[in-house]
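Dropping a prediction and its sequence here:
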Amino acid sequence: MVKIFFLFRLSLILFLLPLNVYSWESVAIPDYVNKNSKSPWNFFDDFESKNFFSKYIINDKGSGRKPFKLRKERNGNTYIEVTVKHGWNKCCGSWINTERAEFSPPLKNALNKEIWYGFRLRLPNNFQHIDDRILISQFKNQFQSMKKSPLVGISFYENGNLFDIGGDTGGIANIAYNQKEDKRHGIRIKYKKFRDEWFAYNEKKRTTDKTYQYFKLTEHKSFNSTDNGEWINFKIGVLNSKRKNGFVKVYVDDRLVFNYEGVTFDWNGTYIGSAVRLGPYRDSDPKRKGYHPQSIHYDDFAIVSDKKTLDFLMGKKSLENAFKREFISLNKNDRRKVQVSLQEFGYTSKIDGLWGNNTWNSMKKYLEERQVKKERDPSSLLMSLIN
């Protein structure tokens with residue numbers, strides 16, 4: 001409930017920001033953003049439209065569209081379910097292979113650009129971890145014959161008991177992992193799970209070995225874990241730079257869990273662009289029997305040029321979802337009463353008790369015009385409209 005209160009209060013403030021969201025591929029860039037360093041992508045996608053395959057590039061190495069399914073929740077919300085199975089999109093050459101099911105917007109030149117991206121992620125109730133790596137998202141600087149890790153990889157290991165964030169800030173792009181380059185260029189933090197919390201276990205900065213104390217890459221030694229079946233909010237900030245002004249920041253449910261500042265682009269190779277990828281990417285079963293299928297849910301995917309805009313977009317959508325859940329939980333007669341009350345605030349559709357854009361837009365107008373400032377949850381606000 002505290003989280004809903006926070007989102008409600010935040011959104012009332014953010015409603016007033018001078019931003020216009022037109023469609024999935026276009027988010028207005030605020031005037032205060034430096035146009036020379038703005039993100040090459042600026043969009044928000046809630047996956048409510050059906051043209052997924054016309055928007056994104058899928059990492060297809062033989063499995064085609066099979067891994068990607070648009071699903072609808074009971075409250076009407078649509079999300080994308082991405083599944084990886086044994087042997088799907090395997091790569092590359094020997095048995096030490098990887099298998100994946102990833103999607104991304106088109107590759108862009110992101111050198112010296114500030115990029116903020118976010119998404120909601122849910123591991124389904126029946127999700128089973130593996131005693132191996134499963135990566136859930138990555139920001140990757142791509143080179144010809146690339147053999148190094150992404151700048152930002154977010155992964156689980158050890159049957160879901162180790163949470164890993166990090167990657168490579170540079171190196172010789174077409175030479176595989178080696179300890180010398182990893183020490184010079186690698187950045188990483190690992191969290192171990194104990195009961196219902198993640199505790200910082202070790203970290204590594206550029207030009208250093210791992211340390212198990214005096215952590216610099218996180219302001220918090222622990223944060224709460226999230227159960228299967230519940231949505232998690234991720235926000236990631238990247239400034240691709242050859243200078244010390246670069247950074248990588250990762251937030252989980254608005255908790256800063258990785259905070260690196262310094263060189264982020266120190267590569268030797270032919271750069272061809274950068275990608276923000278979502279979807280499971282894992283190592284193949286070394287026993288060759290094959291790991292079980294794994295599906296991950298993604299929603300509310302945004303890439304923009306500054307954190308303030310990202311916070312606005314994701315906070316606004318979270319608030320809408322909170323009101324939508326409460327509205328649908330009412331009986332049909334009460335839902336109709338809400339819509340009747342909202343006619344004063346621009347509701348013009350049929351009084352049918354069904355949630356839609358008109359219901360939400362008139363609800364926003366109600367909140368704005370009444371200048372609701374008191375911390376009240378969506379349930380009590382809807383009851384005030386009923387009565």
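Happy to help now that I have it. On a predicted model such as this, the values are computed, not experimentally measured, just so you know.

which one is residue 75 nearest to, not counting chain neighbours?
Distances taken as CB to CB, 6 or more residues apart in numbering place residue 328 nearest to residue 75, at 5.0 Å, with adjacent residues excluded. Yep, even glycine has a C-beta here, placed from its N, CA and C like the rest.

Kindly report the same for residue 302.
Using CB to CB, 6+ apart, the nearest residue to residue 302 is residue 44, at 4.4 Å.

Next: residue 53.
Residue 53 sits nearest to residue 65 (CB to CB, 6+ apart), 6.4 Å away.

Check residue 341 too.
The shortest distance from residue 341 to any non-neighbouring residue, by CB to CB, 6+ apart, is to residue 385 (4.1 Å).

Now do the buried residues in the one helix or strand that neighbour maps to.
For residue 385, the host element (DSSP states H and E) is helix 378-386. Neighbour counts over helix 378-386 (16 or more other CB atoms under 10 Å) mark 378, 379, 381, 382, 383, 385 as buried.

Can you check my assumption that residue 366 lies in a helix?
Yes. Applying DSSP: H, G, I helix; E, B strand; the rest coil, one finds residue 366 inside a helix.

was I right about it contacting residue 343?
No. Residue 366 is beyond contact range of residue 343, at 10.6 Å (criterion: CB atoms under 8 Å).

of these two, who's got more company?
Neighbour count, other CB atoms under 10 Å: between residue 366 and residue 343, residue 366 has more, with 20 against 12.

residue contacts, that one?
342, 344, 345, 385 (CB atoms under 8 Å, 6 or more residues apart in numbering).

Report the buried members of these.
Here, 16+ other CB under 10 Å leaves 342, 345, 385 buried among the contacts of residue 366.

Just put those residues in a markdown table and tack on distance to residue 61 and pLDDT.
As requested, the buried ones among the contacts of residue 366 are arranged in a markdown table below (distance: CB to CB, whole Å; pLDDT from 0 to 100):
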| residue | distance to residue 61 | pLDDT |
| --- | --- | --- |
| 342 | 50 | 95 |
| 345 | 51 | 93 |
| 385 | 52 | 92 |
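
rewinding a little: and the residue nearest to residue 53, how many residues sit next to it?
10.

Next, the residue positioned nearest the centre of the chain: secondary structure please.
Centrality entry for the chain: nearest residue to the mean C-alpha point is residue 119, 2.5 Å, by CA atoms, centre = their mean. Under three-state DSSP, residue 119 falls in the strand class.

picking up where we left off before, does anything pack onto the helix holding residue 385? Which helices or strands?
helix 307-329, helix 332-342 (3 or more CB pairs under 8 Å, 6 or more residues apart in numbering; DSSP states H and E).

hmm, who's touching that helix?
Contacts of helix 378-386 (CB under 8 Å, 6+ apart): 4, 8, 322-323, 325-327, 330, 334, 337-338, 341-342, 366-367, 372.

now that we have those, which one has the most neighbours?
Neighbour max across these (other CB under 10 Å) = residue 338, 25 neighbours.

Return the residues in contact with that residue.
Contacts of residue 338 (CB under 8 Å, 6+ apart): 327, 330, 359, 382, 385, 386.

re earlier: any idea which helix or strand carries the residue nearest to residue 302?
strand 43-45.

That strand - which strands sit beside it in the sheet, and in what orientation?
strand 294-304 (antiparallel) (DSSP bridges).

Was I right to think residue 136 contacts residue 296?
Yes. With contact defined as CB under 8 Å, residue 136 counts as touching residue 296 (6.2 Å).

ok, those two, which is more surrounded?
residue 136 (24 against 21).

Which residue comes closest to that one once chain neighbours are left out?
With CB to CB, 6+ apart as the criterion, residue 136 has its nearest non-adjacent residue at 5.4 Å, and that residue is residue 154.

That neighbour: neighbouring residues, count only.
Neighbour tally, residue 154, other CB under 10 Å: 22.

Past the lowest-mean-pLDDT helix or strand in the chain, which element shows up next along the chain?
Least confident helix or strand, the chain: strand 21-23 with a mean of 36, by mean pLDDT, DSSP states H and E. Counting by DSSP H and E, the next helix or strand C-terminal to strand 21-23 is strand 26-27.

chain center to that next one: distance?
Relative to its chain's centre, strand 26-27 lies at 17 Å (CA atoms, centre = their mean, to the nearest Å).

May I have the strands that pair with that strand, each with its orientation?
Strand 26-27 is paired, per DSSP bridges, with strand 21-23 (antiparallel).

any idea of the mean pLDDT in stretch 228-235?
The average pLDDT for stretch 228-235 rounds to 96.

Now tell me what touches that stretch from outside.
116-127, 137, 154, 226, 250-254, 299, 307, 310-311, 314, 318.

now stretch 46-55: how far from the chain's centre is it?
Worked out by CA atoms, centre = their mean, stretch 46-55 lies 17 Å from the chain centre.

buried set for that stretch?
For stretch 46-55, by 16+ other CB under 10 Å, it's 46, 47, 52, 55.
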